[in-house]
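Colleague: This is the structure alone, sequence omitted:
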């Protein structure tokens with residue numbers, strides 16, 4: 001009998017090292033901890049689970065058993081007491097020193113995306129050095145937490161994102177092999193949200209500024225764009241209604257194979273983080 005392979009994820013008890021408001025829409029929180037050097041990333045849109053304390057708590061309240069049944073136990077805990085659980089993207093993971101950057105979108109703070117702001121956004125604005133969190137993060141590069149998976153034979157890639165998906169888009173662009181043709185549209189609410197996104201790819205990056213919270217200029221931009229020839233792979237993420245419309249256009253109007261379109265609704269206009277979590281059951 002052979003031993004089962006070790007799980008690709010591990011629990012990390014971390015603390016806040018520093019915070020930085022990097023743009024009107026994004027707050028960056030840098031985390032550290034004794035064992036953080038064991039965490040790795042597959043790059044691209046690598047996600048992990050972040051557990052935050054409730055107001056008045058010194059640390060997130062988690063199940064006693066952190067084995068394979070942890071999620072079922074977390075579900076049975078008192079919702080007013082159990083840790084706030086969210087999925088986030090690795091913005092950057094460094095090992096010398098061991099630090100993890102996490103970018104939190106600030107929807108709902110000043111009317112933009114009203115109703116979407118929730119406990120994670122609030123926590124990021126009020127976090128102080130030493131505040132404790134827990135992360136369930138990867139310890140193997142092949143871990144199932146990376147959705148950007150261009151199939152063999154892909155000639156070029158298409159990427160769309162808003163602020164919520166900007167860390168993932170940045171990771172994708174940093175990962176793309178040199179010279180890869182890429183058409184990229186990133187939608188933000190303020191000109192100061194525009195960032196430098198280093199990449200070795202042959203990337204045509206277009207930044208789109210919303211005129212109102214409900215405006216979604218990425219839809220018109222993609223619909224009217226001249227796309228490259230060849231076989232594409234599309235990765236589209238952001239507000240769920242926008243993503244559904246984009247997917248319909250790419251598959252129905254552009255004829256892109258639906259299996260070559262990876263789509264993720266990170267949030268929904270008019271819904272809170274708690275609403276979306278409750279819908280997951």
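Modeller: Sure, I can see it. A quick note: this is a predicted structure, and the numbers were derived from the prediction, not measured.
Colleague: tell me the mean pLDDT over stretch 238-246?
Modeller: Averaged over stretch 238-246, pLDDT sits at 96.
Colleague: got the buried residues for it?
Modeller: 238, 239, 240, 242, 243, 245, 246 (16 or more other Cβ atoms under 10 Å). (Each C-beta comes from the backbone N, C-alpha and C, glycine too.)
Colleague: Any buried residues in stretch 183-197, and which?
Modeller: So stretch 183-197, judged by 16+ other Cβ under 10 Å, has buried residues 183, 184, 185, 186, 187, 188, 189, 193, 195, 197.
Colleague: distance between the ends of that stretch?
Modeller: The first and last residues of stretch 183-197 sit 13 Å apart, counting by Cα to Cα, to the nearest Å.
Colleague: Distance from it to the middle of the chain?
Modeller: In terms of Cα atoms, centre = their mean, to the nearest Å, the centre of stretch 183-197 is set 15 Å apart from its chain centre.
Colleague: what's in contact with that stretch?
Modeller: Applying Cβ atoms under 8 Å, 6 or more residues apart in numbering, the external contacts of stretch 183-197 come out as 22-26, 112-113, 156-163, 166, 169-170, 173-174, 203-210, 213, 216-218, 221-222, 225, 227-228, 238.
Colleague: average model confidence for it?
Modeller: The model assigns stretch 183-197 a mean pLDDT of 97.
Colleague: again with stretch 256-269
Modeller: Stretch 256-269 comes out with an average pLDDT of 93.
Colleague: Ok, stretch 18-33 next?
Modeller: 97.
Colleague: From the chain's centroid, how far away is that stretch?
Modeller: 14 Å.
Colleague: if we can go back for a sec, now, the buried residues of stretch 183-197 that are in strands?
Modeller: Among the buried residues of stretch 183-197, DSSP state E puts 183, 184, 185, 186, 187, 188 in strands.
Colleague: quick check, nearest of the residues you listed to residue 42?
Modeller: residue 184 (20.2 Å; Cβ to Cβ).
Colleague: So what sits opposite the closest one in the bridge?
Modeller: On the basis of DSSP bridges, residue 184 is bridged to residue 159, residue 205.
Colleague: Would you map the strands across the stretch 51-200 of the chain?
Modeller: 84-89, 92-95, 98-105, 132-138, 156-161, 181-188 (DSSP state E, counting those that start in this stretch).
Colleague: Would you mind pulling the contact partners of the fourth one?
Modeller: Taking contacts as Cβ under 8 Å, 6+ apart, the residues outside strand 132-138 that touch it are 8-16, 31, 39-42, 46, 48-53, 58-60, 62, 83, 100, 145.
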